Each structure stands twice: as C-alpha cells, then as structure tokens.
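**Q** Sharing a model that was predicted from the sequence below.
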Protein chains: 2
Amino acid sequence: MDKPDSPSQFAPLGRDGLVDRVANLLGEAIIRGKLKPGSRLSESVIARDLGTSRAPVREAARLLESSGLVAYQPNRGFFVRKISAQELDDLYELRIVIETAAALRVVREAPEAAIDGLAAQIETLRGVSTPEVDMLTQMEADMEFHRRMIAASGNPRFSAIFDQLAKETELCVMVIGRLYGDPRWIADTHLPILEALRARDETAAKDAIEYHIGEARRLVTQQFRTLEE
Amino acid sequence: MDKPDSPSQFAPLGRDGLVDRVANLLGEAIIRGKLKPGSRLSESVIARDLGTSRAPVREAARLLESSGLVAYQPNRGFFVRKISAQELDDLYELRIVIETAAALRVVREAPEAAIDGLAAQIETLRGVSTPEVDMLTQMEADMEFHRRMIAASGNPRFSAIFDQLAKETELCVMVIGRLYGDPRWIADTHLPILEALRARDETAAKDAIEYHIGEARRLVTQQFRTLEE
DNA sequence: TTCATGTCGACTGTCGACAATTTCTTGACA
DNA sequence: TGTCAAGAAATTGTCGACAGTCGACATGAA
C-alpha cells in the first residue's frame, strides 16, 4: 500500500511532544488502576516524578479531562474521574445510540473487506477470551471490534465519541475489577452482530447491537451499583 | 468570603477564572466571525491584547480545541477551525442520531412541563424570526429549542455532545453569512416536532426530527459546498 | 530556471519563580 | 470534648524568560 518510489527508510521519528507522553503515561496509569478514582493528581509531584516542569503536566491533565478520565475543579486541581452508576448508565445508552447508527451505515454502505476485518477481530477476541489472559487485554480486544465497526461507518465523529466512551468504560470495568460475564460468552455475542452486517440486515443489526451492549450495560451497571453502597 | 446578597447577575466574570474569560472571549470572536476560519491564533498577540501572559491564553485555546472551534498543530500553534463540507455533513448526521435518540426518551418519559418549556421556546423563536433580527440571535433561539429538548431527555451526555455540535454549526452558518432558509419557515418546522412529543408518538417524533434536521443538513451543506469551490 | 542548502525571524515548548487560593494544623475558648 | 478561627503549609494560578522548532526568504549550484 505504500512506498511506491519514496524509499523513506526512516520512520517519521516519534516526536511526540512531552505533553502527549505525559498524557499517555497518566492515562495508562488511570486505566490500569494505578491511580484510583477520586485521587488527586498533584501537578507538582507528577512533574517532579517525571522530571519536567508543571506546564506539560497541566496541559496533559487538561487533555485527559477532555478524554473524560480526569475531572478538573477550579483552584483545586485535577482528580481521577469518579464515575457514578447513573453516569455509567447514561454512557451505555449513548454507546447504544452511536453504535446502532454506525452499524446501520455499515450495513448500507461499508465494503465487504471492512466486514472481513471485523470477522478477523472477533477471532482475535476469541483467542484471548480465556481466564488466563489479562482482563485489560480481553477488554481491549473487545473494544477494538467496536472501534473497527464504527470506523467502517465512515463517520469520524462516531469514532471520536466512541474513543472517549471506550476509555471511560475501561476505567469503570477496571474499578469493578473483573469482567462482567464469562469471557467466552462475551466474545460470542459479537457473532450475531457480524452476521447481521454480513447479511446487510438493518433490523437484525440494530437488535444485535442493542442486545450485546444492552446486556453489558445491565451487568456492568448492576455490579457497579453494588460497589457504590 | 462571599456576599449573601451578591447580585450574581453582575459578577459572572469576576468569579470565572481568567482562562474561562479568555476562552469565552475567543469563542465569541470566532462564532461572531471576527476571527475567520484558518486564521492563526497567536498566543503572544492575544496575551498582549488582553494584558495577560501566554499561559491562560494557551489553556483557553486548548479548551476551545476540545470544543471544536480551534485546531491545534504541534509546534505551529492554534488556528480557527476550518470545517470542510464533508465534516459538516458528518456533523449533521450525528445531530440527527443524537436528537432522534433524545426525542425518543422525551416521548417516553419527559414530564409534560418540559414539553411546555419547548413550546415556549418555539414562541420565542417565532418572535425573532424576522429579517430585521440579527442572524446569530435567530440561530441561537433555534439552537436553544434543541438544547432544551435534549436536556429534557435526561441524559447529560446527549447535551454535552449537542453543545459542541451547536458551536460548530453556528461557526459554519456564520461562514455562509446567512441563514439556510426563510426564518419563518425554519421556525415553523419545529412545530411538528413539538406536536409529536406532545402526542407521545415515537415514529412521528423520529420523522419530524429527521425531516427538520435533514432539511437543514441538505441546505447548509449545499451552500457550504459552493463556498469551498 | 530549478532545486538544494543556509540563514533569519517569529512562534511555540518548557521552565523556574512568585502571587493567590485552598487545605491543614493548632490552639484558644465555651 | 467539640467548635471555631487564625495562622501555617501546600497547591494551584499566573507570569516573564529562554531554548527549540518551523516556515520563509536568500543564496548558490546544476
């Protein structure tokens, strides 16, 4: 697909800014549960730990804020976002809306090749869907399927929203500490979605999405509510 | 600490941080067309003009970036976002998705009082829907109806997305320089939505939303494409 | 001319310091 | 013992300065 005549033997040299590196570090730490929801993100200590000044840390925190992982309180600083069961429920409702809309577009106009990519991702997902594999790995394989499906819809707006929702979802599941159901079962409920997309069946796609995400919504929010006391 | 009788309507600026004030100023300037899409937002000159340092300006710009009004290029700075016709089309597609979903929830569970508020807003909209009134005022009255309807859905996520889309929509319409149709007609196409919500008719609500926003989408993107050459 | 290279100016990226605000501590007092 | 206020400590908000990077223009060779 690339390098027709330009033998650019050098990779574009990752010149991520300092801000992006800090943001990735913090984001990872949050999603992996190293930083618990509600805990303070002190600019000073992070800056000292990373050997930078506070300015990049601050910008990174603002970035994470717009990603929904961090909450900002004026004159008080940044905190790892604490998501309520209600917010989680709203989040899943939005996911259903977005993914249903994306699936309809996929049914209508996505090329067959894109759907093949989804099938491959389900295989990947099934491959990691065993109790031995790290939970985060499983969840990310799951999310990757949804990400690809939404990308196949062709509307980058859908993808942008999903990326944010996915991060917050991961955060919540990490808080719960385990997946919301049997890994194998979770992987298999993706199959009806794929079949509906293949068959170009709008109604079936809508139903499959609503069932798949709806079940996750039900199970996750339920477990989440028990944690809230 | 605080004044018990402080007239909060006179001191909204003093309480907001400097960053928010700068962000509002810049956002207004962009939406009002004082800053044309593609033009550079130089941190230095803005800071000098406002009598602050660059730090608050930078943070404000990042805020506007997550609002979609400003684009950021590493090592080059901030620019007023230049929206393509394709992006505008995607934006409207998302608006249809979100507002349809919100309308369904309103039909299902919104209290009657909320719908009354929508009716009142349509009256306000009709009041300003004359050629003499400022275009931005008309558009904001229009957007306010949608904002209230989505707020009535009870899912703050829908509102958050809409607020961003609304700003970008305003930006695009300002670029076009005039409304996309007869003001009176625009105001009146809100009525079927209201009636469907009142009647608690899901299908009618969906159709009314799709027609209303779909027409705007068609007209706006069409006019926008002619500007792109 | 046309392309590559060198130089310059303007801007952003990062920094350390100080001011403003919040939070914690402490001790007086009922 | 509990409450509250004043001060201390810690943290955020803002600032001015300097270094790093990018784009534009000039210079020179093919």
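**A** Noted; the coordinates are in hand. The structure presented is a predicted model; accordingly, all values stated were derived computationally and were not measured. Numbering: from 1, shown residues only, chains lettered A, B, ... in the order given.
**Q** Skipping adjacent residues, who's closest to the residue in chain A positioned nearest to DNA strand C in space?
**A** Across chain A, the shortest distance to DNA strand C (Cβ to the nearest atom of the strand) belongs to residue A:18, at 2.6 Å. C-beta here means a position set from N, CA and C on the backbone, and glycine is covered the same way. Nearest non-adjacent residue to residue A:18, counting by Cβ to Cβ, 6 or more residues apart in numbering or on different chains: residue A:56, 4.6 Å away.
**Q** Mind listing what's buried along the helix or strand containing that neighbour?
**A** Using DSSP states H and E, residue A:56 sits in helix A:54-67. Buried positions in helix A:54-67, judged by neighbour count with 16 or more other Cβ atoms under 10 Å in any protein chain shown: A:56, A:57, A:58, A:59, A:60, A:61, A:62, A:63, A:64, A:65, A:67.
**Q** Quick check: the gap between the residue of chain A closest to DNA strand C and chain B.
**A** 11 Å (Cβ to the nearest Cβ, to the nearest Å).
**Q** got it, and residue A:56?
**A** With Cβ to the nearest Cβ as the criterion, residue A:56 and chain B are 11 Å apart.
**Q** how far away is that residue from residue A:76?
**A** 20 Å (Cβ to Cβ, to the nearest Å).
**Q** How about residue A:145?
**A** 39 Å.
**Q** So these two - more neighbours on which side?
**A** residue A:145 (21 against 9; other Cβ atoms under 10 Å in any protein chain shown).
**Q** Let me know the average pLDDT across the helix or strand encompassing the more buried one.
**A** Secondary structure from DSSP H and E places residue A:145 in helix A:135-152. Averaged over helix A:135-152, pLDDT sits at 96.
**Q** what angle separates the helix or strand that that helix is followed by from helix A:135-152?
**A** Sequence-wise, the next helix or strand beyond helix A:135-152 is helix A:156-176, with elements assigned using DSSP H and E. Angle of helix A:156-176 versus helix A:135-152, following axes from the mean of the first three to the mean of the last three Cα atoms, to 10 degrees, is 170 degrees.
**Q** circling back: do any residues in the helix holding residue A:56 lie close to DNA strand D?
**A** Yes. Applying Cβ under 7 Å from any atom of the strand, one finds helix A:54-67 in contact with DNA strand D at A:54, A:55, A:58.
**Q** ok, and which of those residues reach DNA strand C?
**A** Near DNA strand C, by the rule Cβ under 7 Å from any atom of the strand, you find A:54, A:55 out of those.
**Q** Now render the residues of helix A:54-67 next to DNA strand D as JSON lines, adding distance to residue B:120 and pLDDT.
**A** Shown next, in JSON lines, are the residues of helix A:54-67 next to DNA strand D (distance: Cβ to Cβ, whole Å; pLDDT from 0 to 100):
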{"residue": "A:54", "distance to residue B:120": "48", "pLDDT": "95"}
{"residue": "A:55", "distance to residue B:120": "47", "pLDDT": "95"}
{"residue": "A:58", "distance to residue B:120": "42", "pLDDT": "95"}
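**Q** Considering the residues of helix A:54-67 next to DNA strand D, which is situated nearest to residue B:85?
**A** Of all these, residue A:58 has the smallest distance to residue B:85: 36.2 Å, by Cβ to Cβ.
**Q** quick one: contacts for that closest one?
**A** By Cβ atoms under 8 Å, 6 or more residues apart in numbering or on different chains, residue A:58 lies in contact with A:43, B:59.
**Q** and the next element down the chain from the helix holding residue A:56?
**A** Using DSSP H and E, the first helix or strand after helix A:54-67 is strand A:70-73.
**Q** partner strands of that following strand, parallel or antiparallel?
**A** Sheet pairing of strand A:70-73 (DSSP bridges) gives strand A:77-80 (antiparallel).
**Q** Against which helices or strands is the helix or strand just after the partner strand packed?
**A** Next along the chain after strand A:77-80, taking DSSP H and E as the criterion, comes helix A:85-109. Packing contacts for helix A:85-109, counted by 3 or more Cβ pairs under 8 Å, 6 or more residues apart in numbering or on different chains; DSSP states H and E, involve helix A:135-152, helix A:156-176, helix A:191-198, helix A:202-228, helix B:85-109, helix B:156-176.
**Q** quick one on the thing from earlier: list of residues touching the helix holding residue A:145?
**A** A:31-32, A:98-99, A:102-103, A:106, A:110, A:114-115, A:117-118, A:121-122, A:124-125, A:127-129, A:158-159, A:162-163, A:166, A:169-170, A:173-174, A:178-179, A:183, A:186-187, A:190, A:193, A:197.
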